[in-house]
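Chemist: Got a sequence here, can you build the structure:
(chains A and B)
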Amino acid sequence: MGELLKNAIDWAFQPTLYFAGTVGALFAVLFWRKLFSKTVVITVFFAVGTVFMLWAPSDPDFKKIITKPDNIPIVILIASVVFFTWLALRQAVDNDRAIAKGEPTLEAGLGKKKVFTWPDLVYVEFICLILFTAFLIVWSLKVQAPIEEPAATARTPNPSKAPWYFLGLQEMLVYFDPWIAGVVLPGFIIVGLMAIPYLDTNPKGNGYYTFNERPFAFSFFTAGFLLFWVSFVILGTFLRGPNWSFFGPFEYWDLHKLEPLVNVDLSTYFWNMLGQPKPLDPLVREAPGIVALLGFFLVLPPLLGKTVLKGMVKSMGVVRFNVFMHLMLWFALLPIKMILRWTINLKYIVGIPEWFFNV
Amino acid sequence: MADETQETTNPSNEEPAKTLVRSPLRGELSRRSFFSTLAFGWATFAAASAGLLGAAGRFMFPNVLFEPPQEFKAGFPSEFAMGVDERFKATYGCWIVREPTGFFCLSTVCTHLGCTPNWLTADEKFKCPCHGSGFIMTGINIEGPAPRPLERYRIVLAEDGQILVDKNTKYQQEKGQWELDGSYLEYA
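Modeler: Okay, here's the model as predicted:
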């Protein structure tokens, strides 16, 4: 029974299922938010989680990965992120109910009541500070610092993991050229976050939680943060093992786990399908990928703006809409590329190593 | 004009407007000396900056370099077994590979982000522990995100019959340089 459950969990944590599962779970939670924001849901979640965390470490491989000094904060992170997501959703649902009835929101009530910075706020901060210092002292005494062997040019730790907060970036680097995943995409994350106040001028939701008034903004931000940052941190911490292969949480970290991952460029697929050898000129060779990318970035925004997202163009204006669409398309490139890698082993859509241009 | 209106509106001020052009007192900056002082200040600043930049530039060329020479002799070809030789990985950062037809020398720098891959004897491939790039024995990239094959170094026979590796010359497959002389040492 135990082994069966472990195998089932390992199976469920393979990349395609893990990604599909997290996407499905998030949108199920958002869709049935009234149900999921009940207190009983979070209680059951933490009860099941506690039972699981009491049982699962009996497996040596699971225990090893969960109690690594580097990984303990990520276990705490899972619990706290789930709790605070639930809390935000619950306040949003409560407010939506109040707004539907024409009552003031929870936060509107709070706004009238004022407290002093000193002593009310500073006291609370001071107590938090003391408690946290005590907690950190105990932690630093109980858990050894995760220091590795002395650095050597010929020996890279296997696996070589970034600090936990960079594991999302490291996961992106698996699917893209370093220029795209290391410079362009992080740049767009920062530029995109900075652009939010200029792109989104809707005053609704300012200063209070709500879902019904901002369904797209709420879902999109939650998806971006939870699926493409937190979930990647979890994936990088617990599921990436030696040689950067995928391992289930109960799987032994076998250094020689052989995975057939022979990657193929889009151009190889294309010219093989035509039964012709690859042309020598890189531009002709990569023409299918270039056409696909140009279509993606240049044809898709006006096409969507003329059809499905007509209302959006009207409310945002043409410039805002186009900036927004391009940020969205760059964002969408990540899951598209990940899924293509997992399913058809696609390496690069456009791969011109001669010019160091690979997408 | 503005001064005059101020004079008329403020009769209590007895000082006339000509104080504006009075000659400088001792130790005070005059209009003429202002620019020369400014120029002197900027020149000093520029000289100090140039000196600092020069010192920083000099720092880039240390007197002693604690690194192995870029050119080294690896021993006689007959001393090598078939396959990947890892003896020079730690010291010179390269693998010397022997095939039935000859030798080549691969760089140990992954072409994705520059980690050092591991040679997995059982799987017969180089596998990078950072993002999972994989290369077959020839250096061709087959797995993961590495966009191009591992680079090769110049490998020739020295006059004494030993293998001579020169890391100053690199050969990149995607540029067609693996066809060039020196990228491959034929030896049967």
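
Chemist: Quick check: residue B:107 vs chain A, distance?
Modeler: 12 Å (C-beta to the nearest C-beta, to the nearest Å). No exception for glycine: its C-beta is placed from N, CA and C like everyone else's.

Chemist: Distance of the closest residue to that residue other than its chain neighbours relative to chain A?
Modeler: In space, and not counting its chain neighbours, residue B:107 is closest to residue B:151: 4.3 Å by C-beta to C-beta, 6 or more residues apart in numbering or on different chains. Per C-beta to the nearest C-beta, residue B:151 is found 12 Å from chain A.

Chemist: got it, and residue B:157?
Modeler: 26 Å.

Chemist: ok, that residue touching residue B:77?
Modeler: Yes: between residue B:157 and residue B:77 a contact is recorded at 7.4 Å, counting by C-beta atoms under 8 Å.

Chemist: what is in contact with those two at once?
Modeler: B:163, B:185 (C-beta atoms under 8 Å, 6 or more residues apart in numbering or on different chains).

Chemist: And for the residue nearest to residue B:107, the neighbour number?
Modeler: When neighbours are counted by other C-beta atoms under 10 Å in any protein chain shown, residue B:151 registers 22.

Chemist: do residue A:95 as well
Modeler: When neighbours are counted by other C-beta under 10 Å, residue A:95 registers 23.

Chemist: For it, list the residues it contacts.
Modeler: A:105, A:106, A:107, A:208, A:209, A:210.

Chemist: Would you mind listing which of those residues are buried?
Modeler: Buried subset of these (neighbour count, 16 or more other C-beta atoms under 10 Å in any protein chain shown): A:105, A:208, A:209, A:210.

Chemist: Name the nearest of those relative to residue B:41.
Modeler: Ranked by distance to residue B:41 (C-beta to C-beta), these are led by residue A:208 at 56.2 Å.

Chemist: Is it correct that the closest one is in contact with residue A:104?
Modeler: No: judged on C-beta under 8 Å, residue A:208 makes no contact with residue A:104 at a distance of 9.3 Å.

Chemist: Run a quick check on residue A:240 versus residue A:161, I expect a contact.
Modeler: Yes: contact criterion C-beta under 8 Å: residue A:240 and residue A:161 qualify, at 7.2 Å.

Chemist: Which of the two has more residues huddled nearby?
Modeler: Per other C-beta under 10 Å, whichever of residue A:240 and residue A:161 has more neighbours is residue A:240, with 21 against 17.

Chemist: So what does that one look like in phi/psi?
Modeler: For residue A:240, the backbone dihedrals (degrees, to the nearest 10) come out as phi -100, psi 130.

Chemist: circling back to that earlier point, same list, the contacts of residue A:95, but as a markdown table with pLDDT and secondary structure please.
Modeler: As requested, the contacts of residue A:95 are arranged in a markdown table below (pLDDT from 0 to 100; DSSP: H, G, I helix; E, B strand; the rest coil):
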| residue | pLDDT | secondary structure |
| --- | --- | --- |
| A:105 | 85 | coil |
| A:106 | 83 | helix |
| A:107 | 82 | helix |
| A:208 | 89 | coil |
| A:209 | 91 | coil |
| A:210 | 93 | coil |
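
Chemist: Return the member of those residues nearest to residue A:320.
Modeler: For these, the nearest to residue A:320 is residue A:210 (22.1 Å; C-beta to C-beta).

Chemist: buried ones in the helix or strand encompassing residue A:193?
Modeler: Using DSSP states H and E, residue A:193 sits in helix A:185-199. Buried positions in helix A:185-199, judged by neighbour count with 16+ other C-beta under 10 Å: A:185, A:188, A:189, A:192.

Chemist: circling back: what is the nearest of the buried ones among the contacts of residue A:95 to residue B:28?
Modeler: residue A:208 (62.4 Å).

Chemist: which ones are touching that closest one?
Modeler: Contacts of residue A:208 were listed using C-beta under 8 Å, 6+ apart, and they are A:95, A:105, A:106, A:107, A:108.

Chemist: Same check on residue A:8?
Modeler: So residue A:8 contacts nothing (C-beta under 8 Å, 6+ apart).

Chemist: For it, pull up the helix or strand it's in.
Modeler: Counting by DSSP H and E, residue A:8 is found in helix A:2-12.

Chemist: next SSE after that helix?
Modeler: Next along the chain after helix A:2-12, taking DSSP H and E as the criterion, comes helix A:15-31.

Chemist: Report all helices and strands that the longest helix along chain B contacts.
Modeler: Ordering each helix of chain B by length in residues (DSSP state H) puts helix B:31-59 first. Helices and strands touching helix B:31-59, by 3 or more C-beta pairs under 8 Å, 6 or more residues apart in numbering or on different chains; DSSP states H and E: there are none.

Chemist: Restrict the very next helix or strand once past that helix to CA atoms and write it as PDB.
Modeler: Downstream of helix B:31-59, the first helix or strand assigned by DSSP H and E is strand B:71-75. Extracted as PDB, the C-alpha positions of strand B:71-75 are listed here (Å, rounded to 0.1, in the frame of the first residue of the first chain):
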ATOM      1  CA  GLU B  71      50.300  25.100 -24.500                       C
ATOM      2  CA  PHE B  72      51.300  21.800 -23.100                       C
ATOM      3  CA  LYS B  73      52.700  18.300 -24.100                       C
ATOM      4  CA  ALA B  74      50.300  15.500 -23.100                       C
ATOM      5  CA  GLY B  75      52.600  12.500 -23.700                       C
END
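
Chemist: Tell me which strands strand B:71-75 pairs with, and in which orientation.
Modeler: With DSSP bridges as the test, strand B:71-75 is paired with strand B:163-171 (antiparallel).

Chemist: List the buried residues of the partner strand.
Modeler: For strand B:163-171, burial by neighbour count (16+ other C-beta under 10 Å) applies to B:163, B:164, B:165, B:166, B:167, B:169, B:171.

Chemist: Give me the contacts around that strand.
Modeler: B:70-77, B:80, B:88, B:92-94, B:96, B:103, B:105, B:107, B:151-158, B:177-178, B:180, B:182-183, B:185.

Chemist: among the residues you listed, which are in strands?
Modeler: Of those, the ones assigned to strands by DSSP state E are B:71-75, B:94, B:96, B:103, B:105, B:107, B:152-157, B:185.

Chemist: Of the residues you listed, grab the buried ones for ChimeraX.
Modeler: To isolate the buried members of the ones in strands among the contacts of strand B:163-171 in ChimeraX, using 16+ other C-beta under 10 Å:
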select /B:72,74,94,96,103,105,107,152,153,154,155,185
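
Chemist: any idea whether residue A:207 is helix, strand or coil?
Modeler: Following DSSP: H, G, I helix; E, B strand; the rest coil, residue A:207 is assigned to coil.

Chemist: Perfect, that will be all.
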